[in-house]
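Engineer: Predicted model, plus sequence, below.
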Amino acid sequence: MRDYRSVADHVAAEIRSGALKPGDRLPPQRAFARRYGIANSTATRVYQELGRRGLTVGEVGRGTFVRAAAPTDPPALGEPAGSRIDLEFTYPVVPEQSALLAAGLEGLLRADAFHDALRPVGPAGDPAVREAAADLLTRGGWRPDPARVLFAGNGRQALCAVFAALVPPGARLGVEELTYPVVKAIAGRLGIILVPLAMDDDGLVPEAVEEAHRAGPLHAVYAQPVLHNPLSLSMPPARMQRLAEVLRRLDLPLIEDTIWAFLRDELPPLAALVPERTVLVDSLSKRIAPGLSLGFTVAPAPLLGDLAAALRSGGWTAQHFLLEAAARWQREGVVRRLVRAKQKDAAARQELAARQLSGFSLSTDPRSYHCWWRLPRPWRADTFVAAAARYGIGVPPAAAFTVGDAHAPNAVRLGLATPHTETLTSALSTLASLARSSPEDLATD
């Protein structure tokens, strides 16, 4: 019996030669199986393989079509433009997501629904989309009050608006000593002083917040309690409780970033413990698709006015069409299905990384899309990043996540989500071989 890969190679050759053109519809899988003399199950695997290679796209109820253009990976931030394998950006994509999302839009594209979705909308959306957003953000037994949900164009814009609303220019914002790099850029634009706060194996140290606040008043604290980026740490309940107590005692607001927490949706946010002090920020791009951006904030009632004003003045409000689309995807179960698929995908990629990097010092969560790799001697992070780039692999060093003048650990963060699994396997194998050598070995190549 013919192997599904050889059949997929044959179809791929027809696409490259132009025998199959962009937009051409492939036959139904049963007819395809008869044409090639293969089993129906093999035909299914061929179609999956073509989709994985980015050569075809499936549309629910219509069939499978040759793509108009092959997808391209985004360039690796801060690495040479020639980097072919991206372990820096983290864009989780699962095969079924395009078909699921397209099917969810069918009702919205009717003339009447489409007309309503093109109307302007404010930061609060409308009651129906707030209810859907509250359902989408529910986790660990916690569900936000829909009346406290506001919307932004994407997660970064939500962070911009929250920072602008809570921390005036020249004021101090406490952040974990290793943090999401975009936070550093936003703070620089808004004139906010970032104060690094110590971390340990359980995440942000509550006593570090008290110490920093005594040294000079903080206006707020920014933290990622669940699946911290870059460390993939999640605070245990006792640590969350201690931090909540400190925030109450110091009367400090918390900006809680939950962008990756959907991968651990059994864990409640810190907002569940200290809702009166917490502004939660989340987005669609990781749950759904990188090209579909919608930001969420959940804020205490006294802060809603200032936050809505910041969203309007910054031009950071969401588009009505995407609000309606997201509400439909949530109500129809599309978001839940994609979250489950990405949780499974992240676990599989973590297993792959554990095999390829066995014997090295990795810190991660088996449900995360990130790995924190403490490099072996004599490698330094900057040298290792440069060496990886010579092999066409983009990897960010610890310095990209370090706040202020704090010492950067000798480590790199690996983003596991973006490459196909075969490409990821090859890249990790290459990095493992590189780490087992030395910079001097590379210099003599």
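Structural biologist: Noted; the coordinates are in hand. Numbering: from 1, shown residues only.
Engineer: Contacts for stretch 109-127, please.
Structural biologist: Contacts to stretch 109-127, defined as Cβ atoms under 8 Å, 6 or more residues apart in numbering, come from residues 107-108, 130, 133, 146, 149-152, 307-308, 311-312, 317-321, 323-325. Where C-beta positions appear, they are placed from N, C-alpha and C, glycine not excepted.
Engineer: One more pass at 10 Å, please.
Structural biologist: Stretch 109-127 has contacts (Cβ atoms under 10 Å, 6 or more residues apart in numbering) with 102, 105-108, 129-133, 146-152, 161, 297, 304, 307-312, 316-328.
Engineer: Just those residues: which are in strands?
Structural biologist: Among the contacts of stretch 109-127, the members found in strands (DSSP state E) are 149-152, 297.
Engineer: which one of these is nearest residue 243?
Structural biologist: Nearest to residue 243, judged by Cβ to Cβ, of the ones in strands among the contacts of stretch 109-127 is residue 297 at 19.9 Å.
Engineer: so that closest one bridges to which residues?
Structural biologist: Assessed by DSSP bridges, residue 297 has beta-bridge partners residue 150, residue 281.
Engineer: Which pLDDT value does the model give the nearest residue to residue 337 once chain neighbours are set aside?
Structural biologist: Excluding its sequence neighbours, the residue lying closest to residue 337 (Cβ to Cβ, 6 or more residues apart in numbering) is residue 100, at 6.2 Å. The pLDDT attached to residue 100 in the predicted structure is 87.
Engineer: which secondary structure element contains residue 185?
Structural biologist: Assigned by DSSP states H and E, residue 185 belongs to helix 181-190.
Engineer: what is the mean pLDDT for that helix?
Structural biologist: Averaging pLDDT along helix 181-190 gives 93.
Engineer: now stretch 193-202
Structural biologist: Rounded mean pLDDT across stretch 193-202 is 96.
Engineer: Restrict it to CA atoms and write it as CSV.
Structural biologist: What follows is stretch 193-202, C-alpha atoms only, in CSV (Å, rounded to 0.1, in the frame of the first residue of the first chain):
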residue,chain,number,x,y,z
ILE,A,193,9.9,53.7,35.6
LEU,A,194,10.1,49.9,35.9
VAL,A,195,11.2,48.5,39.3
PRO,A,196,12.4,44.9,39.1
LEU,A,197,11.0,42.6,41.8
ALA,A,198,12.7,39.4,43.0
MET,A,199,11.4,36.0,42.0
ASP,A,200,11.9,32.5,43.2
ASP,A,201,10.7,29.1,42.1
ASP,A,202,7.2,30.0,43.0
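Engineer: Show the contacting residues for the closest residue to residue 400 other than its chain neighbours.
Structural biologist: Here the nearest residue to residue 400 in space, its sequence neighbours aside, is residue 181; by Cβ to Cβ, 6+ apart that works out to 5.2 Å. Going by Cβ under 10 Å, 6+ apart, residue 181 touches 77-78, 229-230, 396, 399-403.
Engineer: let's go with 8 Å and repeat that
Structural biologist: If a contact means Cβ under 8 Å, 6+ apart, then residue 181 has 396, 400-401 as its contacts.
Engineer: before we move on, back to that, mind checking what helix or strand follows the helix holding residue 185 in sequence?
Structural biologist: Scanning forward in sequence from helix 181-190 by DSSP H and E, the next helix or strand is strand 193-197.
Engineer: Just give me how far that following strand sits from the chain centre.
Structural biologist: A distance of 24 Å separates the centroid of the chain from that of strand 193-197, by Cα atoms, centre = their mean, to the nearest Å.
Engineer: quick one: that strand to helix 181-190, angle?
Structural biologist: For strand 193-197 against helix 181-190, the angle by axes from the mean of the first three to the mean of the last three Cα atoms, to 10 degrees is 150 degrees.
Engineer: who touches strand 193-197?
Structural biologist: Counting contacts by Cβ under 8 Å, 6+ apart, the residues outside strand 193-197 that touch it are 170-177, 179, 183-184, 187, 204-205, 208-209, 212, 216, 218, 221, 402-404, 406.
Engineer: Whichever helix or strand comes after it pairs with which strands, and in what direction?
Structural biologist: Using DSSP H and E, the helix or strand that directly follows strand 193-197 along the chain is strand 199-200. Partners of strand 199-200 in the sheet, by DSSP bridges, are strand 203-204 (antiparallel).
Engineer: what packs against the next helix or strand after the strand it pairs with?
Structural biologist: Sequence order places helix 206-215 as the next helix or strand after strand 203-204, per DSSP H and E. Using 3 or more Cβ pairs under 8 Å, 6 or more residues apart in numbering; DSSP states H and E, the elements in contact with helix 206-215 are strand 172-176, strand 193-197, helix 237-250.
Engineer: Quickly compare those and say which is most buried.
Structural biologist: Among these, strand 172-176 has the highest mean neighbour count (mean count of other Cβ atoms under 10 Å), at a mean of 24.
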